[in-house]
Structure formats: structure tokens, C-alpha cells
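*Asks:* have a look at this prediction, sequence included:
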Amino acid sequence: MAFGIFFADRNKPLIGVDISSSAVKMLELGVSSDGSRQVERYSVAHLPREAVTDGNLAKPEIVEKAMREAWQALDTRTRTVALALPAATVTAKKLILPQDASEADIETQAISEAHQIVPFPMEEVTLDFQILGPSPRSQNDNEVLVVITRKDRVEERVAVAESAGLKTVIVDVDTYAALRAFGQVSFQLPNEGKGQTVAIVDLGHATTHVNILHDNQPVYQREHPFGGQILTQEISRRFGLPWEEAEDAKCKGLLPDNFEVEVLRPFLDSAAQEVARALQLFFASSPQQHVDHLVLAGGCSLVPGLDEAVYNKTQIATIIANPFAKMSVSSFVRPKQLAVDAPSLFVACGLALRRFDLE
């Protein structure tokens, strides 16, 4: 989804920029000498608490500063970027339209649909659509995904990027970016996930996004108010540390010996319970009553032991996402550190992959 900001030449370099509640993450992908995809460079600039809240840039000047720092750390000449809106800020609807419908016809229908479902004036709205392919119910029709959001949501992010010296050429949606990144992970699953039900659980700092695919097609998505900040809060409370120090100690593993028993294990139990509850909500709203595989992504998936805790609770085969497992790595990137950071770069990877849209 480009929301009217079109990227005409996908051969040009592009930086995927994920603005989460805890950090600005930037990633640039390229092509190696043998023609395979390559991680050129990436960087992470941490954000202070409350700079981004509920998907809103509460303190845009701080986000701008972090974007500048992240871009400078990349050490690149590329300034064109792909950004993402939080899924909670967009409305999506799938339409069934004749295959011979022109783009003008589709746009007219999309605008008509927006009139019916958005609660604010159309001049405050921006929308985009994408033809998904033939409808399984009719050979003469296409499925068309329409995505609608407020203009100010897009303009806010574009303006901050521009202030940081960057040019936005794509505005995507974080959940769609995650689905695109999953394409770099699916090879780890039997038959690459075809004919199976796979849950992608992106555990972030403040929220958890659950995307469920059946036969590699999205069938369900939902956001849950659970994330790594809960662990930070408990570290801060239990050991009497200021928030920033608790977050730093969590990331660096510099915690007292009783951390594992008194704090980590209860958190892992809570996280596993949250994943199990999310799956139950899916089962309650879907004819599918079974999930074959769980893919954990996001910064919170890096918490030691989380994958094992989730498996023990759900009894579903669980892996931690590494979308770079089959990519080569440039000399600017430390492979071991990339392997550690990979799950937290899941959305940034999906955005950076937009460079190859026309392949």
C-alpha cells in the first residue's frame, strides 16, 4: 500500500524505516554479486519512553532526532525511505470487482466504500488499493484490497522524515510489511507453509500483532496490548531502577542473580499465556481450529526462553523469525549481531523489500 506516494523505480536504493514505540530501525537491502539479496547495512536508534504512544508520534522532534541518528549510523548515501503506519490507524476492506474493471473504476468503487465506513470527511482521507488476484468464488472477478487512513497520519510521518533529511517514497502498513518479511522465513516450514495455518506473532515493546495465514493467505489479524515494556516495568519495580536503566539492563543482560526466578520466568509464563489467549480468540472467530506453526518476531521475541515457553503452553511448533537467513551480508554488517537483531528488524525488512516489488 503506497497511499498515493508512488515509487516508480524499484531498482533504486531504498531504506526501510520502522518507527516503533521503543526505537527507530533502519535497514537497507541490495543485490550481491551473484544476484541474491543482501543486507547492506542497518541501524537502531532507541527512543525514550512516551516519544511514540499508541502509534502516534507524541514527541515528533525526538523521533526526528532518532531518525537522524539512525541514518547517520547507516553511513549511506541513500535518502529514499519506506515508512509504515500502525495497523490500528488504518481501515482495510476487501472488495470483489470484475477482472476487466479499470483503475478508474476501482478507485471510484474504493471512494464509494470509504464514504460508507469512515467517520470523518473525505477531504481528510487518503486511500490506496491493490489487486490481490482472482476471486476464489468467481473466475471473472478479482479480489481488491482497499486501505483507508487519515491524511494527517501519513503527513505526520512524512514530515518527520523530511525534517530528518529523508525522502518518503512509500507509506505501507506495519502488518503488511510483516507479511512480506514472512516470505523470507517460510522456507523453514514444511512445504513453505502451503496448505497449513501459520500464526505470525510480532511481540513488540508495547503491543503484540497476531497475523494468521492459511495456505499462505492472510485470514486474521489482531493487536493485543502486551509487550516487552511489561518486563521493563517489573525490572524497574523489583530492583528499584529508573525506567531507562531498567530497559538498558534488560537489553544488556546486566541483572541480579534472582532476576530469572523472580522476574523472567513469571514474564515468560504471562507471554506464553497471552499467545495462547490470542489463538483462542482466533479459533472463536474462524472455522479453522488448529494452527500448525508459530513464528515469533519483534524485539520481545529476543527474551531468552520465550520460544520454549510458548511451545510448552501451546504445543505448537515454534520458531523465531530470521528474515535474513538466506541473504548474504555486506562487509558493513556483523553477521553474529545481525542474527541476534533479526527478529526485531522484521517490519523494517518487509519495508526494505519494497525495493524489489517489480521482480
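*Replies:* Perfect, I can see it now. Numbering: from 1, shown residues only.
*Asks:* may I see the buried residues of the host helix or strand of residue 155?
*Replies:* Of the helices and strands defined by DSSP states H and E, residue 155 is found in helix 151-163. Residues of helix 151-163 classed as buried: 153, 154, 156, 157, 158, 160, 161 (neighbour count, 16 or more other Cβ atoms under 10 Å). The way it works is simple: take the backbone N, C-alpha and C, and place the C-beta from them, glycine included.
*Asks:* how is this protein carved up into domains?
*Replies:* Following automatic domain parsing, one finds the domains of the chain at 1-185+322-359, 189-320.
*Asks:* figure out how far the longest one is from the centre of its chain.
*Replies:* Taking the mean C-alpha point of domain 1-185+322-359 and that of its whole chain, the gap between them comes to 9 Å (Cα atoms, centre = their mean, to the nearest Å).
*Asks:* how about the strands in this protein?
*Replies:* 15-19, 23-31, 37-46, 80-85, 90-98, 125-135, 138-150, 167-173, 197-203, 208-214, 217-224, 293-297, 317-320, 328-329 (DSSP state E).
*Asks:* most packed of the ones you listed?
*Replies:* strand 15-19 (a mean of 28; mean count of other Cβ atoms under 10 Å).
*Asks:* so who does the residue lying closest to residue 137 once chain neighbours are set aside touch?
*Replies:* Spatial nearest neighbour of residue 137, excluding adjacent residues (Cβ to Cβ, 6 or more residues apart in numbering): residue 96 at 7.3 Å. Contacts of residue 96 were listed using Cβ atoms under 8 Å, 6 or more residues apart in numbering, and they are 135, 137, 138, 141, 142, 143, 144.
*Asks:* ditto for residue 146
*Replies:* 92, 93, 94, 95, 110, 113, 114, 127, 128, 129.
*Asks:* mind naming the longest helix for this protein?
*Replies:* Across the chain, the helix with the greatest residue count (assigned by DSSP state H) is helix 265-284.
*Asks:* and the contacts of residue 96, which is closest to residue 45?
*Replies:* residue 144 (37.2 Å; Cβ to Cβ).
*Asks:* that closest one bridge partners, please.
*Replies:* With DSSP bridges as the criterion, residue 144 is bridged to residue 95, residue 131.
*Asks:* contact partners for it?
*Replies:* 94, 95, 96, 97, 106, 109, 110, 129, 130, 131, 132.
*Asks:* how about a cut-off of 7 Å?
*Replies:* Shown in contact with residue 144 (Cβ atoms under 7 Å, 6 or more residues apart in numbering): 95, 97, 106, 129, 131, 132.
*Asks:* same thing with residue 27?
*Replies:* 15, 16, 42, 345, 348, 349, 352.
*Asks:* got it, and residue 90?
*Replies:* 147, 148, 149, 173.
*Asks:* so who does the spatially closest residue to it that is not a sequence neighbour touch?
*Replies:* Among residues not flanking residue 90 along the chain, residue 149 sits closest, at 4.4 Å (Cβ to Cβ, 6+ apart). The contact partners of residue 149, taken as Cβ under 7 Å, 6+ apart, are 3, 85, 89, 90, 126.
*Asks:* quickly note the distance from the second one to residue 180.
*Replies:* This points to residue 85. Relative to residue 180, residue 85 is positioned 15 Å away (Cβ to Cβ, to the nearest Å).
*Asks:* can you tell me the closest non-neighbouring residue to residue 193?
*Replies:* Using Cβ to Cβ, 6+ apart, the closest residue to residue 193 is residue 186 (4.6 Å).
*Asks:* that neighbour against residue 192, yeah?
*Replies:* Yes - between residue 186 and residue 192 there is a contact under Cβ atoms under 7 Å: 4.6 Å.
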